[in-house]
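Q: here you go, sequence then predicted model.
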Amino acid sequence: MNLRKNLPLAIAGIAVMFASWSCSKNNNSTNTPTPANAVKLSANAKFGNILTDSKGKTLYFFAIDANGSSGCNGGCSVVWPTFYQADLTLDKGLDSKDFGTITRTDGSKQTTYKGWPLYYYQSDANAGDINGDKVGNTWFVAKPDYTVMVSNTQLIGNDGVKYTSDLKPGDGVTQYIVDDRGQTLYSFSHDKFKINNFTNSTFSNNKVWPIDTIKTVLNVPSVLDKTQFQTITVFGKTQLVYKGWPLYYFGADNNQRGNNKGVSVPTPGIWPYVNATSVVAPN
């Protein structure tokens with residue numbers, strides 16, 4: 001055999017074999033199935049990126065769950081099955097620190113995102129269906145970029161008294177705005193339109209009623225109007241505003257989701273909750 005004569009042909013053959021192996025490897029990588037325990041960010045024409053399971057089935061938040069526990073049990077859980085996966089695999093852009101697990105009253109497990117238990121909707125037959133959003137004005141497509149959410153919860157003031165939606169003593173569920181992790185937001189009755197009249201220039205009273213310093217309004221649940229949210233500058237810091245009302249936390253809520261103690265301080269109506277229908281822009 002003339003090795004010198006046949007060497008170019010041999011090299012060419014090796015190159016063809018390598019190219020074929022490389023293409024096969026790349027094709028296999030692109031066809032790798034999504035792990036069954038995955039949470040994905042799936043693009044949706046109406047809502048942008050939403051949370052789905054590995055098969056693209058939409059996940060939801062429930063406004064009653066603002067305190068971090070599941071309020072959907074019995075027959076409710078038939079219509080809204082819970083989502084649970086251990087050892088999650090996450091899409092790029094999702095942070096494992098935002099995910100957790102709770103134990104429900106029946107002893108079963110449920111996955112949470114930013115403290116919100118996650119559910120499916122029974123009537124979503126196909127991947128990408130979003131039929132559950134806004135059902136009862138309490139169910140919302142799960143998204144990673146809500147600036148605020150809403151809570152449907154009994155108001156219980158710092159005085160231990162239960163209050164109704166009109167801030168009178170009594171039992172009743174009220175819907176109001178919370179941040180993306182379920183912490184209650186309040187307005188101050190003495191503020192003016194987009195003017196904070198509470199916080200002083202040294203922020204020495206900010207621990208009592210901390211301002212909501214969110215800098216960018218990204219998305220809001222579908223019962224709210226995103227255009228009603230803006231920001232103002234308060235002594236060099238940004239404060240979120242809703243319908244002209246600057247928004248605050250209450251220090252004595254202790255950063256606990258679901259707490260709404262500020263509604264009674266110092267008397268009901270001075271630091272009211274805010275929601276889609278109850279507030280009028282201050283003068």
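A: Perfect, thanks for sending it.

Q: okay, domains of the protein per the record?
A: Under the assignment automatic domain parsing, the domains of the chain span 38-144, 149-264.

Q: give me the mean pLDDT for the shortest one.
A: Looking back up the chat, that one is domain 38-144. Averaged across domain 38-144, pLDDT comes to 96.

Q: that one spans what distance, first to last residue?
A: For domain 38-144, the first-to-last residue distance is 15 Å (Cα to Cα, to the nearest Å).

Q: starting at the chain centroid, how far to it?
A: 10 Å (Cα atoms, centre = their mean, to the nearest Å).

Q: show me where the stretch 151-283 of the chain dips below the pLDDT cut-off.
A: 279 (pLDDT under 70).

Q: do a quick rundown of the strands in it.
A: According to DSSP state E, counting those that start in this stretch, the stretch 151-283 of the chain carries its strands in the segments 162-163, 173-179, 229-234, 237-242, 245-246.

Q: just name the most buried of those strands.
A: Sort the strands of the stretch 151-283 of the chain by mean neighbour count, taking mean count of other Cβ atoms under 10 Å, and strand 245-246 sits at the top with a mean of 26. C-betas here are computed from N, CA, C, even on glycine.

Q: that one pairs with which strands?
A: As defined by DSSP bridges, the strand partners of strand 245-246 come to strand 237-242 (antiparallel).

Q: you'd agree Thr34 is in a strand?
A: No: counting by DSSP: H, G, I helix; E, B strand; the rest coil, one finds Thr34 to be coil, located in no strand.

Q: how many residues are close by the spatially closest residue to it that is not a sequence neighbour?
A: Distances taken as Cβ to Cβ, 6 or more residues apart in numbering put Ser54 closest to Thr34, at 4.5 Å, once the chain neighbours are dropped. When neighbours are counted by other Cβ atoms under 10 Å, Ser54 registers 16.

Q: my guess is Ser54 contacts Ser42, does it?
A: No: counting by Cβ atoms under 8 Å, Ser42 is not a contact partner of Ser54; they are 10.5 Å apart.

Q: tell me the phi and psi of Gly136?
A: Backbone torsions of Gly136, given as degrees, to the nearest 10, read phi 60, psi 10.

Q: ok, back up a step: joint contacts of Ser54 and Ser42?
A: Residues touching both Ser54 and Ser42 by Cβ atoms under 8 Å, 6 or more residues apart in numbering: none at all.

Q: related to what we said a few turns ago, figure out which of the strands of the stretch 151-283 of the chain is closest to Leu155.
A: strand 162-163 (4.1 Å; Cβ to Cβ).

Q: out of the domains of the chain, nearest to Tyr273?
A: Using Cβ to Cβ, the domains of the chain put domain 149-264 closest to Tyr273, at 3.7 Å.

Q: compute the first-to-last residue distance for that closest one.
A: 22 Å.

Q: just give me how far that domain sits from the chain centre.
A: 17 Å.

Q: again, but for stretch 133-152
A: When distances are taken as Cα atoms, centre = their mean, stretch 133-152 is centred 7 Å away from the chain's centroid.

Q: now it: buried residues?
A: Neighbour counts over stretch 133-152 (16 or more other Cβ atoms under 10 Å) mark 133, 138-144, 146-152 as buried.

Q: just the residues you listed: which are in strands?
A: Judged by DSSP state E, those include 139-141, 148-152 as members of strands.

Q: re the thing from before, out of the strands of the stretch 151-283 of the chain, which comes closest to Thr112?
A: Taking Cβ to Cβ, strand 173-179 is the member of the strands of the stretch 151-283 of the chain nearest to Thr112, at 15.0 Å.

Q: which residues does the closest one contact?
A: With contacts defined as Cβ under 8 Å, 6+ apart, strand 173-179 is touched by 63-64, 66, 137-138, 147-155, 163-165, 184-185, 212, 214, 223-224, 242, 247, 249, 257, 260, 273-276.

Q: for Val78, give its distance to Ala63.
A: Using Cβ to Cβ, to the nearest Å, Val78 is found at 19 Å from Ala63.

Q: higher neighbour count, the two?
A: Counted by other Cβ under 10 Å, Val78 and Ala63 do not tie: Ala63 has more neighbours, with 24 against 9.

Q: where do the helices sit along the stretch 1-150 of the chain?
A: Along the stretch 1-150 of the chain, counting by DSSP state H, counting those that start in this stretch, helices occupy 3-30, 76-79.
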